[in-house]
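In: Below is the structure, and that's it, no one-letter string:
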């Protein structure tokens, strides 16, 4: 059963990594559910509760990072309220119109456009857009590292 559990975990973590890059996939929830399924296959008494608690904590952190990354990046680079919301809306629009990576460019374009509509100078608007882009990209990297951390927590528990 160990090999089956490891196979289920590996498959779910690969889907999790794909979901980090392709936001239309619920990558982090799939990775977390895969960890639970692997623990069930191997036996909860063998795996224990703490690895699953850590996976749950990592999943929550990943979702919070996902929600906040672009906004924090935009704010750090000087975006106002318009740039913040422009980055969020642009990211969603980019995801819909230019999947799978349109969310990155959409954050940039949305923040710049909203800042320009709010009357800010182009260089300030561009700086806010770069911040939204950098924050969104940083969120993707952070979530990928969190999926790797889930593997680090679960593999030893399954063996």
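Out: Ah, there it is. Keep in mind the model is a prediction, meaning the values are calculated, not measured.
In: if I look at residue 86, how far off is residue 29?
Out: According to Cβ to Cβ, to the nearest Å, residue 86 and residue 29 sit 28 Å apart. (Glycine included, C-beta is placed from N, CA and C.)
In: More neighbours: which of those two?
Out: residue 86 (30 against 16; other Cβ atoms under 10 Å).
In: In which helix or strand does the more buried one reside?
Out: helix 81-97 (DSSP states H and E).
In: mean confidence for that helix?
Out: Throughout helix 81-97, pLDDT has a mean value of 84.
In: Next, give phi and psi for residue 121.
Out: According to degrees, to the nearest 10, the main-chain angles of residue 121 amount to phi -70, psi 150.
In: For it, give me the pLDDT.
Out: Here, the pLDDT recorded for residue 121 equals 89.
In: same deal with the one 5 residues further on?
Out: Reported pLDDT at residue 126 in the predicted model: 89.
In: before we move on, what about residue 159?
Out: Value for residue 159, per-residue pLDDT: 85.
In: same check, this time on residue 20
Out: So, for residue 20, pLDDT stands at 86.
In: and it, how many residues sit next to it?
Out: Residue 20: 23 neighbours (other Cβ under 10 Å).
In: thinking residue 16 is in contact with residue 28, fair?
Out: Yes. In this structure residue 16 lies within contact range of residue 28 using Cβ atoms under 8 Å: 6.0 Å.
In: So which of these two has more stuff around it?
Out: residue 16 (29 against 24).
In: Run through the residues that contact that one.
Out: By Cβ atoms under 8 Å, 6 or more residues apart in numbering, the contact list for residue 16 reads 27, 28, 30, 31, 34, 147, 150.
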